[in-house]
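Chemist: Just the structure for this:
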Amino acid sequence: MDENTKSPKLSITENQTLYLYQIWPGRNRFLLNGHVMLGPQSKQGLQTLALVCLFLLEVLFLVFAGPYLWYEVTPILPSCSVSVFLSSLLLMGLTTLTEPGIVPRLEVFEALGEVPESLRTPSAGAKFCATCRIYRPPRTSHCRVCDNCVEVFDHHCPFVNTCIGKNNYKFFVMMTVSLTGLGLVNLAGLLLFFCCELTQETHSGRELVEDQTWLLSIGIAIALPVCVLTFLVSLLCAFHVKIIFRGKTTKEALTKETSSDSSTCFSQHSWFDARIKVNVNKV
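Modeler: Reported below is the predicted structural model:
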């Protein structure tokens, strides 16, 4: 939805009280009675692909090189790989499930019975969102994918299918660090496997592949995507470390925007609560 398109009114008009997630006008999905918020279902393709690749490459590494590294080199490498893999999954989950810093629309505040003064009156540098019909707080932008205004908006990440904002940015950055570490650990394990296993006359890894040519081919097939993905994620990680020290978001860095507000992406205040009760008679 274009930001200049007027937001549709909430459709329920019966005289009753419902939870906010039941009448939420954005594109988010809610599970477990509003306790879990996800991104748009139509945009979850890349998120599914990212999870499949992560699981597949980790399983292939553990099956292919894990036994040899455990018994012939050191159990530290496969153990470290599993630990960082689980850490990456946890951080991906926290990034996806943490409410990013949504600022509800005008009709939501009206249904709650009070519109904050800062959102309904213009102030210095405040921009009006025609979709949400509010004056945005500093460093807030409207995400066209989720159709929400998000405070300290960084970007919408398709690989976790959610906006990255002030409440989940720290998890996103830690996720990129963890994924970079996972790639480096697995690459180190594969390098040791090739250096030790393929230069010996007896091969403990031959239970799966008898021919050394096939062994090398499978190793390269695993190492190549791991190397490429690790390189890309490490660049992303380095970029975010850089803009953190500059006090900017991705959007501000790419658009050369400047902000007089010194708030960071680590503030925990939130305007949004999916399970707050709304009087729909006021909508």
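Chemist: Tell me where the model's unsure across the stretch 1-150 of the chain.
Modeler: For the stretch 1-150 of the chain, residues meeting the criterion pLDDT under 70 lie at 1-16, 124-125.
Chemist: Which stretches in it count as strands?
Modeler: 17-19, 29-31, 36-38, 102-103, 128-129, 134-135, 141-143, 148-150 (DSSP state E, counting those that start in this stretch).
Chemist: Pick the most buried one from those strands.
Modeler: strand 148-150 (a mean of 27; mean count of other C-beta atoms under 10 Å). Just so you know, the C-beta spots here come from the backbone N, C-alpha and C atoms, and that holds for glycine as well.
Chemist: Tell me the first helix or strand C-terminal of that strand.
Modeler: Counting by DSSP states H and E, the element after strand 148-150 in chain order, helix or strand, is strand 155-157.
Chemist: Quick one: distance of the next helix or strand after that next one to the chain centre.
Modeler: The C-terminal neighbour of strand 155-157 among helices and strands, as given by DSSP H and E, is strand 162-164. With C-alpha atoms, centre = their mean, to the nearest Å as the basis, strand 162-164 stands 6 Å off its chain's centre.
Chemist: Name the strands paired with strand 162-164 and say parallel or antiparallel.
Modeler: strand 155-157 (antiparallel) (DSSP bridges).
Chemist: which other residues reach the partner strand?
Modeler: Thr95, Cys143, Arg144, Val145, Cys146, Thr162, Cys163, Ile164, Phe172, Thr249, Thr250, Lys251 (C-beta atoms under 8 Å, 6 or more residues apart in numbering).
Chemist: Show me which of these are buried.
Modeler: Buried subset of the contacts of strand 155-157 (neighbour count, 16 or more other C-beta atoms under 10 Å): Thr95, Cys143, Val145, Cys146, Thr162, Cys163, Ile164, Phe172, Thr249, Thr250.
Chemist: which residues touch the fourth one?
Modeler: Contacts of Cys146 were listed using C-beta under 8 Å, 6+ apart, and they are Gly26, Arg27, Asn28, Gly39, Pro40, His156, Thr162, Cys163.
Chemist: The fifth one now?
Modeler: Contact partners of Thr162, counting by C-beta under 8 Å, 6+ apart, are Leu38, Gly39, Thr95, Thr96, Pro100, Cys146, His156, Asn168.
Chemist: Just the helices from the protein, written as ranges.
Modeler: 45-64, 66-68, 76-97, 106-112, 117-120, 169-197, 212-246, 250-255 (DSSP state H).
Chemist: Check which helices and strands the fourth one is in contact with.
Modeler: Meaning helix 106-112. helix 117-120, strand 277-279 (3 or more C-beta pairs under 8 Å, 6 or more residues apart in numbering; DSSP states H and E).
Chemist: if we compare those, which one ends up closest to Phe194?
Modeler: Closest of those to Phe194 is helix 117-120, at 59.1 Å (criterion: C-beta to C-beta).
Chemist: what about dumping the CA coordinates of that closest one to PDB?
Modeler: Extracted C-alpha coordinates of helix 117-120, given in PDB (Å, rounded to 0.1, in the frame of the first residue of the first chain):
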ATOM      1  CA  GLU A 117      -0.700  14.900  21.800                       C
ATOM      2  CA  SER A 118       2.600  14.300  20.100                       C
ATOM      3  CA  LEU A 119       1.000  12.200  17.400                       C
ATOM      4  CA  ARG A 120      -1.900  14.500  16.500                       C
END
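Chemist: Give the buried residues for it.
Modeler: In helix 117-120, counting by 16+ other C-beta under 10 Å, buried: Leu119.
Chemist: Alright, calling it a day.
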